[in-house]
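Peer 1: sequence and predicted structure, then a few things I'm wondering about:
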Amino acid sequence: MPAATSPDRLVLRRPDDWHVHLRDGDMLAAVARHTAWPFARAITMPNLVPPITTVEAARGYRERILAAVPAGLDFEPLMTAYLTDEIDPEEIARGHAEGVFTACKLYPAGATTNSASGVTDIRRLDRVLERMQSIGMPLLVHGEVVDHDIDIFDREAVFIERILAPTLARFPGLKVVFEHITTCEAVDFVRAADARVAATITAHHLEFNRNALLVGGIRPHHYCLPVAKREHHRQALRAAATSGNPKFFLGTDTAPHGIAEKESACGCAGIFSAPVALESYAKTFEEEGALDRLEGFASEYGPRFYGLPLNTGTVTLQRQSWTVPDTLEAGSVRIRPFHAGGALAWRLQDARASEDTEPR
Ligand code: NCD
Ligand code: ZN
């Protein structure tokens with residue numbers, strides 16, 4: 001479907017988000033609507049406490065997500081299994097065969113939020129990866145090494161060399177999504193790899209570099225993992241996302257944490273971008289003169305990679321300046337969204353409401 005582009009209105013095939021953290025309990029209740037409104041499907045991350053490692057746990061979580069989505073929104077959570085050193089390949093394969101698990105997520109142990117039960121050595125996954133390769137189940141990787149002698153800004157590039165490239169060579173049929181890439185090394189690697197390798201790119205890594213964390217004071221709301229890198233990396237990400245290359249597609253990595261957990265002596269990693277996600281991507285694509293390529297990135301390349309049908313509905317972005325709220329509050333939950341207090345030029349319209357109804 002060609003995007004109906006005019007200076008003031010952008011109609012896109014309904015997009016999907018290929019990387020989200022929806023959390024659980026009160027937080028899930030507060031954030032689910034922000035993903036389920038624009039996005040028809042989302043790959044939901046399994047890093048709950050405890051993590052989702054069984055088919056039964058994934059079924060239960062899927063039910064809780066669906067219960068948290070407001071009536072009238074058509075949304076399908078796509079579940080993932082959290083890989084551990086001990087996970088049983090049979091459990092993974094059964095979940096895949098029963099339509100519960102779409103993919104598996106590799107967190108190197110200790111790499112990020114709730115990754116304590118993650119994988120300590122990729123070689124321990126040989127049987128699991130073998131099985132995933134044979135059933136065509138994608139592996140989603142948090143691509144950072146955790147060795148203490150590796151500088152945090154180098155952890156993604158070193159992961160490619162030490163883990164990703166050798167693993168792809170050992171499993172030549174394994175499909176891999178390199179999640180939330182942040183470096184020109186990752187862009188180059190994915191571009192050069194064969195068609196079974198793709199990458200997601202977040203809105204925030206397209207918008208700021210590492211200065212946003214440190215200039216003028218410590219900015220905990222810009223802290224996420226992988227951490228933002230230097231400007232030339234951001235430029236490489238922008239070029240990749242807007243290039244029309246189907247190996248790069250939308251994955252927000254929206255990762256809400258309460259304000260107190262972010263503004264702390266040991267603040268949590270994660271940016272809550274869901275409420276501004278599509279608008280933020282539109283900002284980048286417009287700045288790059290590539291609005292006509294937003295639809296491929298947001299709505300087409302992801303489903304093609306995962307072998308899923310394209311969505312049939314549409315969403316409309318209107319050129320309409322609006323101010324992003326400072327905080328979002330729901331019950332006991334207080335979260336600060338990406339772009340809090342800032343202005344955005346594009347605004348998602350609610351297809352179910354009249355033109356002038358405030359959608360959120
Ligand atoms: C994520 C989270 O909070 O769960 N945090 C983040 O900074 N992106 C975990 C992750 O994807 O690394
Ligand atoms: Zn994530």
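Peer 2: Yep, it's here. Numbers count the residues shown, from 1 in each chain. Ligands and ions are numbered 1, 2, ... in the order given.
Peer 1: report the buried residues of stretch 216-227.
Peer 2: 220-227 (16 or more other C-beta atoms under 10 Å). From N, CA and C alone the C-beta is placed, and that goes for glycine too.
Peer 1: ignore the last one, stretch 286-302
Peer 2: 286, 288, 290-291, 293-302.
Peer 1: next, the contact list for the nearest residue to residue 79 once chain neighbours are set aside, please.
Peer 2: Nearest non-adjacent residue to residue 79, counting by C-beta to C-beta, 6 or more residues apart in numbering: residue 58, 4.3 Å away. Contacts for residue 58 (C-beta atoms under 8 Å, 6 or more residues apart in numbering) come out as 46, 52, 79-81, 95, 100-101.
Peer 1: filter those residues down to the ones close to ligand 1.
Peer 2: Checking the contacts of residue 58 against ligand 1 by C-beta under 6 Å from any ligand atom, not one of them is in range.
Peer 1: mind listing which of the residues you listed are in strands?
Peer 2: Mapping these onto strands (DSSP state E) picks out 79-81, 101.
Peer 1: would you mind listing which of these are buried?
Peer 2: Judged by 16+ other C-beta under 10 Å, buried ones among those: 79-81, 101.
Peer 1: which of those residues lies closest to residue 111?
Peer 2: Among these, residue 80 lies closest to residue 111 (C-beta to C-beta), at 15.7 Å.
Peer 1: how about that closest one: which residues does it bridge to?
Peer 2: residue 103 (DSSP bridges).
Peer 1: surely it meets residue 104?
Peer 2: Yes. At 6.3 Å, residue 80 counts as touching residue 104 under the criterion of C-beta atoms under 8 Å.
Peer 1: if we can go back for a sec, quick check: of the buried ones among the ones in strands among the contacts of residue 58, which lies closest to ligand 1?
Peer 2: residue 80 (11.6 Å; C-beta to the nearest ligand atom).
Peer 1: which residues touch the closest one?
Peer 2: 43-46, 52, 58, 101-105, 140.
Peer 1: likewise for residue 139?
Peer 2: 103-104, 106, 129, 132, 174-177.
Peer 1: for it, list each beta-bridge partner.
Peer 2: residue 104, residue 176.
Peer 1: mind listing the strands for the stretch 1-150 of the chain?
Peer 2: Under the criterion DSSP state E, counting those that start in this stretch, the stretch 1-150 of the chain contains strands at 4-6, 9-13, 17-20, 41-44, 76-82, 101-106, 139-141.
Peer 1: which elements pack onto the fourth one?
Peer 2: Using 3 or more C-beta pairs under 8 Å, 6 or more residues apart in numbering; DSSP states H and E as the contact criterion, the neighbours of strand 41-44 among helices and strands are strand 17-20, strand 76-82.
Peer 1: other residues contacting that strand?
Peer 2: Taking C-beta under 8 Å, 6+ apart as the rule, strand 41-44 contacts 16-22, 35-36, 61, 65, 75-80, 102-103, 140, 251, 308, 311.
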